[in-house]
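Asks: give me a model of this one.
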Amino acid sequence: MIQGADDSTKRSYNQRMKIHHLGIAVESLEEAIPLFERMLGRAPVARETVTEQGVCVAVFEVGESRIELLESAAPDSPIARFIAKRGPGIHHLSLTVPDLDQSLKEMEQSGIRPVDRKARAGAQNGRVAFLHPKSTAGVLIELVEEKK
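Replies: Modelled structure (predicted):
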């Protein structure tokens, strides 16, 4: 809950959030995966390409959360643009929400600017939407709907 928030600003979207994953942009999954395997002591639990977002993903489980390594699958993808501008590194923080459509509506009503006004396909057949970093303290936030 936001410190100092009164009852009129409390929203359902933040009552059950938890960290889903941390997305890390990498230039090469083939180079990054062995490093994370050594560091975490385990192999990725999944690898896939999310064509809609132009990204190849390797997923590592870390406690109740995950680390997703993100490699560009296309030269004009968001990950390719991110790496060209900032270099490899943390790309986004992902939070779970119980109802993505309702959370997007409530966040926009509270002044948080969405990148996506409707859900799109994410990794592992998830429903996701992003919030604009200009309204979230400079951090790209991805909302992931909890699987029912």
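Asks: quick one: low-confidence parts of the protein?
Replies: 1-15, 148 (pLDDT under 70).
Asks: and the residue nearest to Ala121 when sequence neighbours are not counted, how far from Arg127?
Replies: Once flanking residues are discounted, Ala121 sits nearest to Glu52: 5.0 Å by C-beta to C-beta, 6 or more residues apart in numbering. Where you see a C-beta, it was placed from the backbone N, CA and C, and this is true even at glycine. The gap separating Glu52 from Arg127 is 12 Å, by C-beta to C-beta, to the nearest Å.
Asks: who touches both of the two?
Replies: Counting by C-beta atoms under 8 Å, 6 or more residues apart in numbering, the common neighbours of Glu52 and Arg127 are Arg120, Ala121.
Asks: so what's the residue count around the residue nearest to Ala121?
Replies: 9 (other C-beta atoms under 10 Å).
Asks: and it, how far from His91?
Replies: 16 Å.
Asks: what's the answer for His21, then?
Replies: Distance from His21 to His91, by C-beta to C-beta: 11 Å.
Asks: all strands for the protein, in order.
Replies: When secondary structure is read from DSSP state E, the chain shows strands at 18-26, 46-50, 55-62, 65-72, 89-97, 120-121, 127-131, 141-145.
Asks: which of these sits closest to Arg81?
Replies: Proximity to Arg81 (C-beta to C-beta) singles out strand 65-72 among the strands of the chain, at 8.5 Å.
Asks: for the closest one, which helices and strands make contact with it?
Replies: If you count contacts as 3 or more C-beta pairs under 8 Å, 6 or more residues apart in numbering; DSSP states H and E, strand 65-72 packs onto strand 18-26, helix 29-40, strand 55-62, helix 78-86.
Asks: of all those, which one is nearest Pro98?
Replies: strand 18-26 (10.6 Å).
Asks: quick one: buried residues of the closest one?
Replies: Going by neighbour count (16 or more other C-beta atoms under 10 Å), the buried part of strand 18-26 is His20, His21, Leu22, Gly23, Ile24, Ala25, Val26.
Asks: also stretch 55-73?
Replies: For stretch 55-73, a neighbour-count test (16+ other C-beta under 10 Å) marks 55-60, 66-73 as buried.
Asks: if anything else comes up later, I'll come back, but that's it for now.
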